[in-house]
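Undergrad: generate a structure from the sequence data that follows.
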Amino acid sequence: MENKIKPFGLQRNLDYFKVNFILMWKSLVEYKMNFLGAFIEQIIFFFAQFIFFIVFSQNFAKDIGWNVGDFLIFAMFADLVIVFAGFFIWKFYRFQSILVTGKLNYYINKPMNSMYSFIFSDFSYRAFTMLIMNMILFPIILIYFKISFVNLLLPFILFLFICSMYIFAFSFFSCISFFNFGIANTIFDSYDTVLHGISKSYPAPFFDKNVVLKKILFIIPIFFIGSLLIPLINGSSLNEFYFQIIVLLVFNLLFLLGLIIIWHYGLKRYEAFG
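TA: Got it, this is the predicted structure:
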């Protein structure tokens, strides 16, 4: 019996995701040193992060009304956002190289949506390893600090929107390389500079209700963890709840539409050099 080519649609997209996930897993299993390196890196990161936030909580807990558990849960959520999104988008760090060498042809010539083909391929085994470790450690922390898993339903849904915002925003700004190779790097460098400046007065910009800059910080996905998720989890008072939800959803929509538009017009300018 001849194998029929599956038509366009959800089933083909799911099969594409499954095949690429299996390839990533086989690569991770075959090159065990890659797994070991990512494992050791995350262990060291966890240790340093926990020490930092424990010491940090001893100095600032009373100022913002958090306890040690809140700080550690914040740290876990923040890292989860980065590695979950990184599983899909860390490839964008080499997007400029992919354009210059013409390797993008490998993705846009497939019989499916080219943007989907690129994002849901070549998954990061490092991010996957770190994600698994987070998923093992996170429940332990929640149980230790007696956090009810029932209270995590809404925060988990919002967490997915935070991750999607991170994915759409990072992808959007990376795709600016379609038009100019230097602009995307400049944006990311400026973003890092702003974050570095904010960190000097941390935690005031994130938690001080009277800081005007707080409104601007909505562009930073991790901001929503401290401002939205942690208060929901520990049952404390939450200011501007619906406003934050609306802002989160609007940013998701804007970055997604922006990504679709810039990808569509970027492909028209794309030239393969390899």
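Undergrad: any stretches of the stretch 1-150 of the chain with poor pLDDT?
TA: Along the stretch 1-150 of the chain, the model assigns pLDDT under 70 to residues 1-9, 60-64.
Undergrad: where do the strands sit along the stretch 51-200 of the chain?
TA: If you assign secondary structure with DSSP state E, counting those that start in this stretch, the stretch 51-200 of the chain ends up with no strands.
Undergrad: quick one: the helices in this structure?
TA: With DSSP state H as the definition, the chain shows helices at residue ranges 10-30, 32-64, 68-89, 95-101, 105-108, 114-119, 125-144, 153-174, 181-200, 204-207, 213-216, 223-224, 230-234, 241-269.
Undergrad: mind putting those helices into a markdown table with mean neighbour count?
TA: Bear in mind the C-beta positions are built from the backbone N, C-alpha and C, glycine included. Below are these laid out as a markdown table (neighbours: other CB atoms under 10 Å):
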| stretch | mean neighbour count |
| --- | --- |
| helix 10-30 | 13 |
| helix 32-64 | 13 |
| helix 68-89 | 21 |
| helix 95-101 | 17 |
| helix 105-108 | 16 |
| helix 114-119 | 19 |
| helix 125-144 | 16 |
| helix 153-174 | 19 |
| helix 181-200 | 12 |
| helix 204-207 | 18 |
| helix 213-216 | 13 |
| helix 223-224 | 22 |
| helix 230-234 | 19 |
| helix 241-269 | 15 |
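Undergrad: and the end-to-end length of stretch 91-111?
TA: Stretch 91-111 stretches 21 Å from its first residue to its last (CA to CA, to the nearest Å).
Undergrad: what does it rub up against?
TA: 8, 114, 117-118, 121-122, 124, 170-171, 174-175, 177-178, 181, 184-185, 267, 270, 272-274 (CB atoms under 8 Å, 6 or more residues apart in numbering).
Undergrad: what's near enough to touch the residue nearest the centre of the chain?
TA: With distances taken as CA atoms, centre = their mean, the residue of the chain nearest its centroid is residue 85 (3.0 Å). When the contact criterion is CB under 8 Å, 6+ apart, the partners of residue 85 are 163, 166, 167, 170.
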